[in-house]
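Asker: With the sequence up front, the predicted model follows.
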Amino acid sequence: MRPVLILAPSLVPILAALALLTAQPTAPLSSNGELERGWRNPPPDARPHTYWLWLNGHVNPATAREELQAMKDAGFGGVLLFDMGARGDKASVPPAGPAFLSPPWMKQFKESVDQARQLGLQVDFSVVSSWDLGGHWIEPKHGSMGLYPVETTVDGGRAIDLLLPFPPK
């Protein structure tokens with residue numbers, strides 16, 4: 001009688017990953033160490049990004065430049081910038097800065113984006129203030145009330161101007 005191997009479903013992905021890791025490449029790696037160099041010094045688009053939170057809209061320009069340089073020096077490829085309200089002990093939160101998207105806020109935003117660009121960092125940006133999709137200037141009747149999924153099929157390869165239908169109930 002032959003032994004039978006029974007695998008728990010949770011082991012299948014692990015074993016598949018191990019098989020891929022131990023498989024021999026179908027083409028020889030370049031002799032000049034291209035793979036190792038790419039691993040040790042990945043191109044900008046393969047580097048990780050990090051959150052960059054502007055708490056209460058407060059940003060010190062000199063500190064912002066230092067933080068961007070530190071992120072570049074640490075090997076990051078970019079930042080995801082959030083303007084968000086600080087919560088917690090009032091003694092430990094930064095003072096209020098300029099209002100989100102106000103002229104002084106936009107001035108600092110432009111300076112930071114320009115600095116990041118000079119350093120070769122990508123800047124992604126959350127287009128709303130705070131996690132809760134709104135601020136003091138949004139009346140409740142205009143606030144985010146829900147997310148509604150809808151699907152449609154379009155032909156690609158061209159510009160599309162399409163009004164999506166409201167999903168059925």
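Answerer: Now that the structure is in, tell me what you want to look at. Numbers count the residues shown, from 1 in each chain.

Asker: Low-confidence bits of this structure, can you list those?
Answerer: Regions of the chain meeting the criterion pLDDT under 70 cover residues 1-32, 130-138, 143-145.

Asker: any idea which residue sits dead centre in it?
Answerer: With distances taken as Cα atoms, centre = their mean, the residue of the chain nearest its centroid is Leu80 (4.9 Å).

Asker: Touching, Asp45 and Gly120? I think so.
Answerer: No: contact criterion Cβ atoms under 8 Å: Asp45 and Gly120 do not qualify, at 10.8 Å. C-beta coordinates here come from the backbone N, C-alpha and C atoms, glycine included.

Asker: Looking at these two, which is more packed in?
Answerer: Using other Cβ atoms under 10 Å, the more surrounded residue of Asp45 and Gly120 is Gly120, with 11 against 8.

Asker: contacting residues for the residue lying closest to that one once chain neighbours are set aside?
Answerer: Closest residue to Gly120 apart from its sequence neighbours, by Cβ to Cβ, 6 or more residues apart in numbering: Pro44 at 5.9 Å. For Pro44, the contact set (Cβ atoms under 8 Å, 6 or more residues apart in numbering) comprises Gly77, Gly120, Gln122.

Asker: List phi and psi for Pro44.
Answerer: Backbone geometry at Pro44, expressed as degrees, to the nearest 10, gives phi -50, psi -40.

Asker: What residues are bridge-paired with Met84?
Answerer: Leu55 (DSSP bridges).

Asker: I'd say it and His58 touch.
Answerer: No: counting by Cβ under 8 Å, Met84 sits too far from His58 to count as a contact (10.8 Å).

Asker: neighbour-wise, which of these two wins?
Answerer: More neighbours surround Met84 than the other of Met84 and His58, with 19 against 16 (other Cβ under 10 Å).

Asker: That one and Gln122, how far apart?
Answerer: The spacing between Met84 and Gln122, counted by Cβ to Cβ, to the nearest Å, is 20 Å.

Asker: Leu164 now?
Answerer: Distance from Leu164 to Gln122, by Cβ to Cβ: 29 Å.

Asker: When those two are compared, which one has more neighbours?
Answerer: Taking neighbours as other Cβ under 10 Å, Leu164 and Gln122 compare with Gln122 leading, 16 against 9.

Asker: Kindly state the beta-bridge partners for the residue nearest to the more buried one when sequence neighbours are not counted.
Answerer: Closest residue to Gln122 apart from its sequence neighbours, by Cβ to Cβ, 6+ apart: Gly78 at 3.2 Å. When assigned by DSSP bridges, Gly78 has beta-bridge partners His49, Gln122.
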